[in-house]
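A.B. asks: Provided below are the primary sequence and the corresponding predicted coordinates.
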Amino acid sequence: MMYDDRMEITSPGKLPNVVTLENMRHTRWARNPIIARTLTEFGWVRELNEGVQRIYDEMASFFLNDPIFEEPNDASVRLTLENSITSRVLRRRDALADGVGEAVPESLNEYELSAMQYVYARGRATVRDLAGHLGRSVKVSRQTLRGLAERDLLVWHGSNTRDPSQYYELPR
């Protein structure tokens, strides 16, 4: 079910005996071992329980709350993924302010703030990565990243301006 602020996925069937709501993030299991083995053999999944940890990682990467697993009755498992663009933007801004200082996010324009949040969340950014993220040209992305580097908010890594492996990251 899709709502304005969340998505709920309900799966029929109980959790296996070894799995509880508290340990499911770290317990390896397959509700249907034949399907799990088939998916692994086709290369569509790498290992058992990859999906649960991946959900946690993806939610964290977008500064969203952890997923909520519930057993609303004895016959199903429900996963709730919260999503609020307002709270996500505020959490992202707060995380960035904690990392680089309170005054920095307030002094940035829209593209600079988005670039800093992108680098903060992913560890680094190339001009092309940022252009795709912003939905703007490589020229705009390059100017944004260079401006942040000139203000010592990002550090440029590369051998020259035409280096295809150049990137920007936060100062250490």
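C.D. replies: In hand now; what should we look at?

A.B. asks: what's the residue located most distally from the centre of the chain in contact with, if anything?
C.D. replies: Centroid-distance maximum for the chain: Asp74 at 32.0 Å, with C-alpha atoms, centre = their mean. Asp74 makes contact with Lys14, according to C-beta atoms under 8 Å, 6 or more residues apart in numbering. C-beta here means a position set from N, CA and C on the backbone, and glycine is covered the same way.

A.B. asks: got the contact list for Gly132?
C.D. replies: No contacts exist for Gly132 under C-beta under 8 Å, 6+ apart.

A.B. asks: that's a strand at it, yeah?
C.D. replies: No - under DSSP: H, G, I helix; E, B strand; the rest coil, Gly132 sits outside any strand and is assigned helix.

A.B. asks: what's the distance between it and Arg162?
C.D. replies: 20 Å (C-beta to C-beta, to the nearest Å).

A.B. asks: now swap in Leu39 and tell me
C.D. replies: Distance from Leu39 to Arg162, by C-beta to C-beta: 43 Å.

A.B. asks: The two: which has the busier surroundings?
C.D. replies: Leu39 (16 against 7; other C-beta atoms under 10 Å).

A.B. asks: residue boundaries of the strands in the protein?
C.D. replies: 6-12, 68-73, 76-82, 155-157, 167-169 (DSSP state E).

A.B. asks: How about the residue nearest the centre of the chain, nearest residue that isn't a chain neighbour?
C.D. replies: Nearest to the mean C-alpha position of the chain, by C-alpha atoms, centre = their mean, lies Ser61 at 2.1 Å. In space, and not counting its chain neighbours, Ser61 is closest to Ala121: 6.0 Å by C-beta to C-beta, 6 or more residues apart in numbering.

A.B. asks: separation between Asp152 and Ser107?
C.D. replies: 13 Å.

A.B. asks: what about these two, which has more around it?
C.D. replies: Ser107 (11 against 8).

A.B. asks: This structure: helices as residue ranges?
C.D. replies: Along the chain, counting by DSSP state H, helices occupy 33-41, 50-61, 85-100, 103-106, 110-122, 127-134, 138-150.

A.B. asks: can you list the strands of the chain in CSV and add mean pLDDT and mean neighbour count?
C.D. replies: Converted to CSV, those look like this (pLDDT from 0 to 100; neighbours: other C-beta atoms under 10 Å):
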stretch, mean pLDDT, mean neighbour count
strand 6-12, 91, 12
strand 68-73, 92, 13
strand 76-82, 91, 16
strand 155-157, 94, 14
strand 167-169, 94, 20
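
A.B. asks: out of these, which comes closest to Val127?
C.D. replies: strand 167-169 (8.3 Å; C-beta to C-beta).
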